[in-house]
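Engineer: any chance you could fold what I've pasted below:
(chains A, B, C and D)
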Number of protein chains: 2
Amino acid sequence: MNIGEIAKRAGVSRSTVSYALSGKRPVSEDTRQKIQRVIDELGYQPNASARALANGRTNTIGLVFPPAGNHYTGMQLDFIGSVTEAAAAYDYDVLLSPSGADSDRSFQRLLGERRVDGAILMEIRLQDDRLDHLTAVDFPSVAIGRTAHPEGGWWVGLDHTALAAACVHHLADLGHRRIAFVNRPEQLLRAGYESAHRGLDGFTKAAAERGLAVRTYCCGDDAASGQACLERILHDDPATTALVTLNEAALGGLYRGLAQAGRHVPRDFSVTGVVASRWAETVTPQLTAADVPAEQMGRLAVDLLVERLDHPDTPARHHLLAPPISLRASTAPAGTTPGDPAADLGAPMHP
Amino acid sequence: MNIGEIAKRAGVSRSTVSYALSGKRPVSEDTRQKIQRVIDELGYQPNASARALANGRTNTIGLVFPPAGNHYTGMQLDFIGSVTEAAAAYDYDVLLSPSGADSDRSFQRLLGERRVDGAILMEIRLQDDRLDHLTAVDFPSVAIGRTAHPEGGWWVGLDHTALAAACVHHLADLGHRRIAFVNRPEQLLRAGYESAHRGLDGFTKAAAERGLAVRTYCCGDDAASGQACLERILHDDPATTALVTLNEAALGGLYRGLAQAGRHVPRDFSVTGVVASRWAETVTPQLTAADVPAEQMGRLAVDLLVERLDHPDTPARHHLLAPPISLRASTAPAGTTPGDPAADLGAPMHP
DNA sequence: CCGATGGGTCGAACCGGTTCGATGATTACA
DNA sequence: TGTAATCATCGAACCGGTTCGACCCATCGG
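Structural biologist: Down below sits the predicted model:
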């Protein structure tokens, strides 16, 4: 069951078995076959812990995501899935760490106990102490998201500023003058989550540029909060005709609130935002939105991390993504009259 | 940085440091403090690989889920999250394995290379070769789901048969006579996924019992498929007045299809099924459904696995859950006339 | 005063791999 | 035919922990 056993049965030394397996030194064809036969027969596989101890690498990467205090969003699932798959392609395993704070025990274990060779961090904050710590100790890591000062860092991010701005321009082009912004929960905004901040920023600046009347809201990550938020929006300014949201999980609630208030989407009210396409296509009418390319981001993060692990001296690299807005069916010119009713039900707005 | 370094600086032997940390043999208060001071000063944490090698346990559990060929569903995310958190409470880490088949390399690595002490399997099939293999080699594992012959196994499952039947009875009680069943994708049904089979079974039997006219469908895990599926349902039997679904991801598409066909939910058409509550509450009107308690299931699975790891000779245990149907707003008596319009928009049907 | 008891510590072996330097057997070339 | 170069293999050390047996020294009981 261990390498010594294989060696004994094959009539060679342990080191020869090791070399036969790794190919780091030549082994005669004869002995190689003899060893391989024994291995096949016994179904031997080298012990991962022993190997990790000997050569100082675990062949595992850590995936750090915040605890479930806040609900998981669909995007996080996509990240987890795509990171796991991309890592498998490089022969890396993925260790999940439900860690938030720098001081978190689970987070410390990943690093201090050397369970992983590198880490990928999700849910980045503008000031991120985890990331500061990692760069301070020069631990190989890649962030999905970027801090306030991402220069010289390894990350793959989404240009939330530009995307939110694009949403505003889209609405402004359609003639909307009074629009609302539905952000992630206030707790996350206060904690400094970058998507919440940059998205808000992009929205505010673009709206100012276009001279729009705006109101911004924070909203819990669930349907009930979305519905409540929409009620507040219409209560605060009944003349609002459109909204931009970053909040996937609230989307269904926002739609419900609109229906309850008797506002038809998109005839009376336009909705857009930054949302994974899977969700955008789930609601009716389908959401015109900047589709978050979560799978691609996970893949890219793994690519970067593996490169950093393989070539420790490579200068830092990053990817900043800004996918275009996918035109679906949830936005329409302000103040239009009802058109073909079929257009409300999922048919693309611009075929 | 290693235990020898600590020993040297504290002026003791390596074994003494080890005993001071583990408490497996008495160490004088004096030396304990001296050692602790050095450890704090240097921020020492024992190397996980070395420890795993020495005492034969990695303190890691594997979470095996199928590759992304089929889209991830919200339920899977809930499992991943709750398993990770529950494991952390027991001081276990979670290693993700995107593995499907028994022969999968990634799956073999988990076991053969001893990367994990035990495993939790998701997406169980009635005949599950992975599970057969694990029980054959007596590898500690717990299934989320149950096979055709779950006797003597470790698992936590959902009673899909009973839940689907409950949905049928609920609809029959409301007077529906022609109902449809929307299952997971055909590919999964053919592969023997237990939820698809047992759900279908429970549906069919209960419908026969109640003398209902039924049609059953498989449906892809996405909104577009849901919409297409609903079109087929109404095409095949326009007199259908209700459906039961197991397919979370198709739900939005089913609703869209109904709206497009001019069927109002729940006035003209009732919808129910087995779905995580988060999703049931996202759609409008909110779905009357058996809420899948994914978080609880993940927690229970970890509890069982840890018990099995700690007491290898405990007889097998399991949990079979059958949550009640949560009455929301998507079902109504067959052939009713429109009631208070507010009832359509998310207010609970039975307050 | 002596032997038994036991708390505290140490050295050595071990877990299961990898890797370095050395050795013996071939082959190549002078 | 002797010697250098090459190839294949081996033994030993090492990675960083844990654990067993032995030892020393106090304390206690008879």
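Engineer: show me where the stretch 251-351 of chain A has helices.
Structural biologist: A:251-260, A:277-280, A:294-310 (DSSP state H, counting those that start in this stretch).
Engineer: check chain A too.
Structural biologist: A:3-10, A:14-22, A:29-42, A:48-55, A:74-89, A:105-112, A:129-136, A:160-173, A:186-191, A:194-210, A:223-236, A:251-260, A:277-280, A:294-310 (DSSP state H).
Engineer: reformat those helices as a markdown table; add distance to chain B.
Structural biologist: The C-beta positions use only the backbone N, C-alpha and C, and glycine is treated the same way. Compiled in a markdown table, the helices of chain A are given as follows (distance: least, Cβ to the nearest Cβ, whole Å):
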| stretch | distance to chain B |
| --- | --- |
| helix A:3-10 | 13 |
| helix A:14-22 | 13 |
| helix A:29-42 | 11 |
| helix A:48-55 | 4 |
| helix A:74-89 | 4 |
| helix A:105-112 | 3 |
| helix A:129-136 | 12 |
| helix A:160-173 | 21 |
| helix A:186-191 | 17 |
| helix A:194-210 | 18 |
| helix A:223-236 | 5 |
| helix A:251-260 | 3 |
| helix A:277-280 | 7 |
| helix A:294-310 | 8 |
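Engineer: who's in contact with the residue in the stretch 151-300 of chain A positioned nearest to DNA strand C?
Structural biologist: At 25.7 Å from DNA strand C, residue A:154 is the closest residue in the stretch 151-300 of chain A, using Cβ to the nearest atom of the strand. Counting by Cβ atoms under 8 Å, 6 or more residues apart in numbering or on different chains, residue A:154 makes contact with A:141-143, A:304-305, A:308, A:316-318.
Engineer: pull out the buried members of those.
Structural biologist: With neighbours counted using 16 or more other Cβ atoms under 10 Å in any protein chain shown, the contacts of residue A:154 contain these buried positions: A:141-143, A:304-305, A:308, A:318.
Engineer: circling back: which of the contacts of residue A:154 lies closest to DNA strand C?
Structural biologist: residue A:308 (19.9 Å).
Engineer: in stretch A:194-213, what's buried?
Structural biologist: A:194-200, A:202-204, A:206-207, A:210, A:212.
Engineer: now stretch A:168-179
Structural biologist: So for stretch A:168-179, counting by 16+ other Cβ under 10 Å, buried means A:168, A:170-172, A:174, A:176-177, A:179.
Engineer: and the residues you listed as a markdown table, adding pLDDT?
Structural biologist: Shown next, in a markdown table, are the buried residues of stretch A:168-179 (pLDDT from 0 to 100):
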| residue | pLDDT |
| --- | --- |
| A:168 | 98 |
| A:170 | 98 |
| A:171 | 98 |
| A:172 | 98 |
| A:174 | 98 |
| A:176 | 98 |
| A:177 | 98 |
| A:179 | 98 |
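Engineer: with respect to DNA strand D, which of those is nearest?
Structural biologist: Among the buried residues of stretch A:168-179, residue A:168 lies closest to DNA strand D (Cβ to the nearest atom of the strand), at 53.8 Å.
Engineer: which residue is the nearest non-sequential neighbour of the closest one?
Structural biologist: In this structure, residue A:168 finds its nearest non-sequential neighbour in residue A:206, 3.8 Å apart by Cβ to Cβ, 6 or more residues apart in numbering or on different chains.
Engineer: likewise for residue A:50?
Structural biologist: Here the residue nearest residue A:50, using Cβ to Cβ, 6+ apart, is residue B:53, at 5.2 Å.
Engineer: I figured the one you found hits residue A:54, correct?
Structural biologist: No - taking contacts as Cβ atoms under 8 Å, residue B:53 lies outside contact range of residue A:54: 9.2 Å.
Engineer: who in chain A is up against DNA strand C?
Structural biologist: A:1-4, A:14-15, A:18-19, A:21-22, A:24, A:44, A:46-47, A:50-51, A:53-55 (Cβ under 7 Å from any atom of the strand).
Engineer: any idea how far residue A:309 is from the residue nearest the centre of chain A?
Structural biologist: Centroid-nearest residue in chain A, with Cα atoms, centre = their mean: residue A:79, separated by 4.6 Å. Counting by Cβ to Cβ, to the nearest Å, the separation of residue A:79 from residue A:309 is 19 Å.
Engineer: kindly report the same for residue A:131.
Structural biologist: 17 Å.
Engineer: before we move on, what about residue A:155?
Structural biologist: Residue A:155 is 16 Å from residue A:309, by Cβ to Cβ.
Engineer: likewise residue A:322?
Structural biologist: For residue A:322 relative to residue A:309 (Cβ to Cβ), the value is 28 Å.
Engineer: of these two, who's got more company?
Structural biologist: residue A:309 (18 against 14; other Cβ atoms under 10 Å in any protein chain shown).
Engineer: doesn't residue A:139 make contact with that one?
Structural biologist: No - Residue A:309 lies out of contact with residue A:139 (Cβ under 8 Å); the separation is 10.9 Å.
Engineer: can you name every helix or strand that the lowest-mean-pLDDT helix or strand in chain A contacts?
Structural biologist: Across the helices and strands of chain A, mean pLDDT, DSSP states H and E gives its lowest value to helix A:105-112, namely a mean of 85. On a contact count with 3 or more Cβ pairs under 8 Å, 6 or more residues apart in numbering or on different chains; DSSP states H and E, helix A:105-112 meets strand A:60-64, strand A:93-97.
Engineer: ok, and what's touching it?
Structural biologist: Contacts for helix A:105-112 (Cβ under 8 Å, 6+ apart): A:62, A:64, A:95, A:97-101, A:115-116, A:119, A:130, A:134, A:137, A:139, B:43, B:45, B:48, B:88, B:93.
Engineer: now those: which count as buried?
Structural biologist: For the contacts of helix A:105-112, buried by 16+ other Cβ under 10 Å: A:62, A:64, A:95, A:97-100, A:115-116, A:119, A:130, A:134, B:48, B:88, B:93.
Engineer: looking at those, spot the one nearest DNA strand C.
Structural biologist: residue B:48 (12.7 Å).
Engineer: would you check how far apart that closest one and residue B:167 are?
Structural biologist: 47 Å.
Engineer: can you check the pLDDT for residue A:342?
Structural biologist: With respect to pLDDT, residue A:342 scores 40.
Engineer: returning to that earlier point: could you dump the helices of the stretch 251-351 of chain A to JSON lines with distance to residue B:328?
Structural biologist: Formatted as JSON lines, the helices of the stretch 251-351 of chain A follow (distance: least, Cβ to Cβ, whole Å):
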{"stretch": "helix A:251-260", "distance to residue B:328": "12"}
{"stretch": "helix A:277-280", "distance to residue B:328": "20"}
{"stretch": "helix A:294-310", "distance to residue B:328": "29"}
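Engineer: winner for burial among those?
Structural biologist: Neighbour counts (mean count of other Cβ atoms under 10 Å in any protein chain shown) averaged over each of those peak at helix A:251-260, with a mean of 24.
Engineer: CA atoms of it as PDB?
Structural biologist: Backbone C-alpha positions of helix A:251-260 (Å, rounded to 0.1, in the frame of the first residue of the first chain) are rendered in PDB as follows:
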ATOM      1  CA  LEU A 251     -34.600  41.000  -8.700                       C
ATOM      2  CA  GLY A 252     -37.700  38.800  -8.300                       C
ATOM      3  CA  GLY A 253     -38.900  41.000  -5.500                       C
ATOM      4  CA  LEU A 254     -38.400  44.100  -7.500                       C
ATOM      5  CA  TYR A 255     -40.500  42.700 -10.300                       C
ATOM      6  CA  ARG A 256     -43.200  41.700  -7.800                       C
ATOM      7  CA  GLY A 257     -43.300  45.100  -6.300                       C
ATOM      8  CA  LEU A 258     -43.700  46.700  -9.700                       C
ATOM      9  CA  ALA A 259     -46.500  44.300 -10.600                       C
ATOM     10  CA  GLN A 260     -48.200  45.000  -7.300                       C
END
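Engineer: tell me what it is packed against?
Structural biologist: helix A:223-236, strand A:242-245, strand A:270-275.
Engineer: possible to save the ones you listed as JSON lines with mean pLDDT and mean neighbour count?
Structural biologist: Conversion of those to JSON lines gives the following (pLDDT from 0 to 100; neighbours: other Cβ atoms under 10 Å in any protein chain shown):
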{"stretch": "helix A:223-236", "mean pLDDT": "98", "mean neighbour count": "20"}
{"stretch": "strand A:242-245", "mean pLDDT": "98", "mean neighbour count": "28"}
{"stretch": "strand A:270-275", "mean pLDDT": "97", "mean neighbour count": "28"}
